[in-house]
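# Quick one: sequence plus predicted model below, questions after.
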Amino acid sequence: MATKGSNSIHRSSSRPLLDLSKAEIQGNVEEKYPTILLPNQSDDLSHLALDIGGSLIKLVYFSRHEGQSTNDKRMKILKDKLGILNGNRRSYPILGGRLHFVKFETNKINECLEFIYSKKLHCGGWESHHSDSTNDQNAVIKATGGGAYKFADLFKERLGISLDKEDEMDCLVAGANFLLKAIRHEAYTHMEGQKEFIQIDPNDLFPYLLVNIGSGVSMIKVDGDGKFERVSGTNVGGGTYWGLGRLLTNCSSFDELLELSQKGDNRTTDMLVGDIYGTDYPKIGLSASTIASSFGKATLENKELEEYRPEDISLSLLRMISYNIGQISYLNALRFGLKRIFFGGFFIRGHAYTMDAISFAVHFWSKGTAQAMFLRHEGFLGALGAFMSYEKHGLDDLMVHQFVERFPMGAPYTGGKIHGPPLRNLNEKISWMEKFLQKGTEITAPVPMTPPGTTGLGGFEVPLSKGSTLRSDASALNVGVLHLIPTLEVFPLLVDPKMYEPNTVDLSDHSELEYWLTILSEHLPDLVDKAVASEGGTDDSKRRGDAFARAFSAHLARLMEEPAAYGKLGLANLLEMREECLREFQFVDAYRSIKQRENEASLAVLHDLLMELDSLDEETRLLTLIEGVLAANIFDWGSRACVDLYHKGTIIEIYRMSRNKMQRPWRVDDFDAFKERMLGSGDKKPLPHRRALLFVDNSGADIVLGMLPLARELLRRGTEVVLVGNSLPALNDVTAMELPDIVAEAAKHCDILRRAAESGGLLVDAMTNTLDGSKEKLPSVPLMVVENGCGSPCIDFRQVSSELAAAAKDADLIILEGMGRSLHTNLYAQFKCDALKLAMVKNQRLAEKLVQGNIYDCVCKYEPAY
Ligand SMILES: CC(C)(COP(=O)(O)O)[C@@H](O)C(=O)NCCC(=O)O
Ligand SMILES: [Mn+2]
């Protein structure tokens, strides 16, 4: 096993240069960095890279989306107000690209070629740019693995592409470095069946030992990007397990052999300490069940191979090889003083028992001072590395907060297991989901979980539970699609972004997880009804609705069995997953008509409400406004209890009932502290806040009769107001795109709102008049709208839109409204500015757990700047 000196990644320049022909400036030419359209340039828009191994082909490809343009004038004014210089990046909704991870069996290479062809990945992925097929002839694709040589001619012949070979070791390291720096829940430990995600600080990653277990094993000391050395290895690896296993058991595939091991009992083959001593050997810390000699028992008995169970042989082999690799790895880590050891390669395949065995060996020999870690994308290190070797893909500098991982369903090639034909369009995806209905519960069937204590503390012991309880979790869907959103930023007003945890409820508590998964499952029929109705109840929408329900149920079933399947799970992830799943089946806005109807009904009574408010003194008005926000937060189509209420009354009736019940003290009641900050006490009048960010929640009464009147009060007191709305729809939440029209309607009833909206660039028509000089120019504090970067009922402040981050720089007050944004997430979040968290608790269990109260209790939590 030769070692290799330090390497630096070779960046070949195989990609064609930019094609600037017919280039033109798109959008506003006056902007400092206008968008330049390159109609003839396509290669930079999509990439594909391959790792062609002996058993699997791994593909990583990037797809990019066109954004929708928005109202330029409105955006320009907003940017001026917020001081955003770079004017070319944004449009609603968020722009971005996606990194997809796909696997094929190498012996089904034709499916892989067909997939590449159907997605046009061989010519940049953009059909419209490649009507001329002669372009395809020049395409060069990065590839690594032995198959990059073996199949080069086939790729040329069938797709007209040349494979540009990248060194395998370079790729492994580049892939691992990228994952460990960019993906939040990439690395995890796996001890006795328990998976725990480890947060790696990207600034404190190096040095580490990367152990790649393929047919053979490479141990690589990694000191930085492109800086590594193969310090050791062993010829006893995955190939040894599979090769010996095949000879000894007649298994026909690696997976079959691995599965067999799960039913094995190694006491029949291994010589244990107890076999030699008849008891434990406590002096040197060995229990009777410790393996003294793998397969040693075969020397004591006069038995033929056929007399041993293949299951036992497979388990003994697996343990022998895993322990050996774990031990050698630890010794190498010790040799170079490395604290971290990451294991990857096809041998591991996310297989619980293999990981437990390796972890045990590292733990045992290091006496608990070292820990084995595994990588969720372990099978894709090489392909990712090949992908990273393209120049100018722009991914090098991206950071954790700019990636969002999502788990689409019905895309059978994402994830560990290959379980379907290549899907080209939504129709095929739906048919594929339908098949599962016919076949029963193939993907929704409970998957047995690994119970704690599979290896036992004494180590090398017989698993406590045998057979089906030792499962591989390499089944589908534990690797998602990585959305790259370069414009996402960490919210600058977080006191401590490193310590920030968005989720309030800990779903690692199994009863909590079960409760919330059940809630979501029970809500599903109603949601499907709404989604189908939002599209006119067509046959097509019904089909998609069914497919959505099946896909989402499958996600819930998978998570019930394996909560850590998609990384660390929180309620915010679950609620976002539901929205993403709807979008996957092309339900763009399931509550569209409900939102519209509620907006109209609420706007009709806004004038009366404002008159009533204006008749009150300052103090009563402030209290009435906060009551109004809390009362109107009852309009929540995501809460079971609220939806039941709506079947019993009209919007206005429910709103009045809710307001009448607003008796103080609320369950959490910091109103007096907030009032003092706003109005002062005695003669002392405090300075108004400079700028308030209002994180609005639901459409209808919530925004129109709750948050807008509160915004108006702040504006009246001289505080700039930024309404922060969702980038994409989620339940009945109001989106940033919908807000300007709602404000425009509300402004018809109110001068304060109108002037502020004009000043903030929200009333474009009125603004045109003003700019023409035909109207008196009235100075006013602006009312603005920004998108938050999310498409969920919750908000994760580690990943917000760049506009919101820019708006936050001058803000000294934030108001978070609703259960999703201020209870499920952020209840305990600390901000550098004053923060008011307002919500009605519309779930009995949450009310009991968080505020020791009851459903419909209210929370008014005020926290001065930390
Ligand atoms: C989805 C929600 C967070 C939305 O609440 P909101 O943020 O609109 O106040 C909430 O409705 C919820 O947690 N619903 C599930 C629990 C239930 O149905 O009781
Ligand atoms: Mn909501």
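Structure received. Ligands and ions are numbered 1, 2, ... in the order given.

# Which residues are in contact with the residue lying closest to residue 497 once chain neighbours are set aside?
Once flanking residues are discounted, residue 497 sits nearest to residue 490: 5.0 Å by Cβ to Cβ, 6 or more residues apart in numbering. From N, CA and C alone the C-beta is placed, and that goes for glycine too. Taking Cβ atoms under 8 Å, 6 or more residues apart in numbering, we find residue 490 in contact with 401, 497, 797-800, 805.

# I'd guess residue 233 is in a helix, am I close?
No - applying DSSP: H, G, I helix; E, B strand; the rest coil, one finds residue 233 to be strand, outside a helix.

# Looking from ligand 1, tell me which residue of the stretch 251-400 of the chain is nearest.
Using Cβ to the nearest ligand atom, the single residue of the stretch 251-400 of the chain nearest to ligand 1 is residue 400, 25.0 Å away.

# residues touching the most far-flung residue of the chain relative to its centre, list them.
What lies farthest from the middle of the chain is residue 302; by Cα atoms, centre = their mean that is 56.0 Å. For residue 302, the contact set (Cβ under 8 Å, 6+ apart) is empty.

# before we move on, what SS does the nearest residue to residue 606 once chain neighbours are set aside have?
Computed as Cβ to Cβ, 6+ apart, the closest residue to residue 606 that is not its neighbour in sequence is residue 749, at 5.2 Å. Classification of residue 749 by three-state DSSP places it in coil.

# pLDDT score assigned to residue 749?
Listed pLDDT for residue 749 reads 89.

# distance of it from residue 704?
To residue 704, residue 749 is 10 Å away according to Cβ to Cβ, to the nearest Å.

# the more surrounded of these two?
residue 704 (26 against 18; other Cβ atoms under 10 Å).

# rewinding a little: out of everything not next to it in sequence, what's closest to the residue of the stretch 251-400 of the chain closest to ligand 1?
Leaving out its chain neighbours, the residue that sits closest to residue 400 by Cβ to Cβ, 6+ apart is residue 184, at 5.4 Å.

# Surely that neighbour forms part of a strand?
No - counting by three-state DSSP, residue 184 is not part of a strand but coil.

# I figured it was touching residue 201, is that so?
No - assessed by Cβ atoms under 8 Å, residue 184 is found out of contact with residue 201, at 11.6 Å.

# between the two, what contacts are shared?
Common neighbours of residue 184 and residue 201, using Cβ under 8 Å, 6+ apart, do not exist here.

# Between the two, which is the more surrounded one?
Neighbours per residue (other Cβ under 10 Å) separate residue 184 from residue 201, with residue 184 holding more: 17 against 8.

# contacting residues for that one?
Here residue 184 is in contact with 199, 400, 403, 567-568 (Cβ under 8 Å, 6+ apart).

# that older thread, quick check: phi and psi at the residue nearest to residue 400.
Here is the backbone geometry of residue 184 (degrees, to the nearest 10): phi -60, psi -50.

# Ok, the one 3 residues further on next?
Backbone dihedrals for residue 187, given as degrees, to the nearest 10, come out at phi -90, psi 140.

# And it, how close does it get to ligand 1?
Note on residue 187: its distance to ligand 1, by Cβ to the nearest ligand atom, to the nearest Å, is 30 Å.

# What score does that residue have for pLDDT?
In this prediction, residue 187 carries a pLDDT score of 94.

# Would you tell me which residues of this structure are close to ligand 2?
When proximity is defined as Cβ under 5 Å from the ion, the chain approaches ligand 2 at 697-698, 733, 793, 818.

# what two of the residues you listed are the furthest from one another?
Spatially, the most separated pair among the residues of the chain next to ligand 2 is 698 and 793, at 9.1 Å (Cβ to Cβ).

# which one of the two has more residues nearby?
Neighbour totals were compared for residue 698 and residue 793, and residue 698 leads with 29 against 26 (other Cβ under 10 Å).

# How about the contacts made by that one?
For residue 698, the contact set (Cβ under 8 Å, 6+ apart) comprises 632-633, 635-637, 731-734, 818.

# Among those, name the ones in strands.
Judged by DSSP state E, the contacts of residue 698 include no members of strands.

# now, the most widely separated pair of the residues you listed?
Spanning the widest gap among those are 632 and 731, at 15.3 Å by Cβ to Cβ.

# which sections of the stretch 301-450 of the chain are below the confidence cut-off?
392-394, 409-424, 432-433, 435-450 (pLDDT under 70).

# that older thread, can you list the contacts of residue 698 in CSV and add distance to residue 536, pLDDT and neighbour count?
Putting these into CSV (distance: Cβ to Cβ, whole Å; pLDDT from 0 to 100; neighbours: other Cβ atoms under 10 Å) gives the following:
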residue, distance to residue 536, pLDDT, neighbour count
632, 29, 97, 27
633, 30, 97, 27
635, 24, 94, 30
636, 25, 94, 26
637, 19, 94, 22
731, 20, 97, 26
732, 19, 97, 23
733, 22, 98, 29
734, 23, 98, 25
818, 29, 98, 28
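
# What pLDDT does the model give the nearest residue to residue 535 once chain neighbours are set aside?
Leaving aside its chain neighbours, residue 535 sits nearest to residue 541 (3.8 Å; criterion: Cβ to Cβ, 6+ apart). Looking at residue 541, its pLDDT is 96.

# tell me which element residue 541 falls in.
helix 539-561 (DSSP states H and E).

# List the buried residues of that helix.
Residues of helix 539-561 classed as buried under the neighbour-count rule (16 or more other Cβ atoms under 10 Å) are 541, 543-561.

# Repeat that for stretch 808-815.
Quick answer for stretch 808-815 (16+ other Cβ under 10 Å): 808, 811-815.

# Adding distance to residue 310 as columns, could you present these in TSV?
Compiled in TSV, the buried residues of stretch 808-815 are given as follows (distance: Cβ to Cβ, whole Å):
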residue	distance to residue 310
808	62
811	66
812	70
813	69
814	63
815	65
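
# now, which of the residues you listed lie within strands?
Counting by DSSP E, these place 813-815 in strands.

# Looking at these, spot the one nearest ligand 1.
Ranked by distance to ligand 1 (Cβ to the nearest ligand atom), these are led by residue 815 at 13.6 Å.

# Can you pull the phi/psi pair for residue 347?
Main-chain torsions, residue 347, degrees, to the nearest 10: phi -60, psi -30.

# My guess is it contacts residue 214. True?
Yes - if you go by Cβ under 8 Å, residue 347 and residue 214 touch, sitting 6.8 Å apart.

# Fine, thanks again, bye for now.
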